[in-house]
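Trainee: sequence? don't have it. structure:
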């Protein structure tokens, strides 16, 4: 377990970075040119980033990205 302390400004920046990374991964997962193993790797990484984001995100924002998890489980 690793603990970190952030200032309010650093926490907002971390929030921004995680959201942008998840947005990029959601775009990649919707790309029909990518094959199964690549999409699986992106999905695994998305789940890790999502769990990090869940620790700092407000519930309304969190639900927005949780929908990305649900829509990508089927294919």
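Mentor: Received it, and whenever you're ready, just let me know what you need. Since this is a predicted model, take the numbers as computed values, not measurements.

Trainee: Distance of residue 19 relative to residue 52?
Mentor: In this view, residue 19 and residue 52 are 11 Å apart by C-beta to C-beta, to the nearest Å. Bear in mind the C-beta positions are built from the backbone N, C-alpha and C, glycine included.

Trainee: Check residue 30 too.
Mentor: 22 Å.

Trainee: Determine how far stretch 23-42 lies from the middle of the whole chain.
Mentor: Offset of stretch 23-42 from its chain centre (C-alpha atoms, centre = their mean, to the nearest Å): 13 Å.

Trainee: Just the endpoints, please. Distance across that stretch?
Mentor: 12 Å (C-alpha to C-alpha, to the nearest Å).

Trainee: Which parts of this structure are strands?
Mentor: Applying DSSP state E to the chain gives no strands.

Trainee: Next up, the contacts around the nearest residue to residue 28 once chain neighbours are set aside.
Mentor: With C-beta to C-beta, 6 or more residues apart in numbering as the criterion, residue 28 has its nearest non-adjacent residue at 5.3 Å, and that residue is residue 42. By C-beta atoms under 8 Å, 6 or more residues apart in numbering, the contact set of residue 42 is 25, 28, 29, 34.

Trainee: check contacts around the second one.
Mentor: If a contact means C-beta under 8 Å, 6+ apart, then residue 28 has 34, 39, 42 as its contacts.

Trainee: Those in helices, which ones?
Mentor: Those of the contacts of residue 28 mapping onto helices are 39, 42, per DSSP state H.

Trainee: Residue 62 contacts residue 55, correct?
Mentor: No - with contact defined as C-beta atoms under 8 Å, residue 62 and residue 55 do not form a contacting pair (9.8 Å).

Trainee: Looking at the two, which is more packed in?
Mentor: residue 62 (14 against 9; other C-beta atoms under 10 Å).
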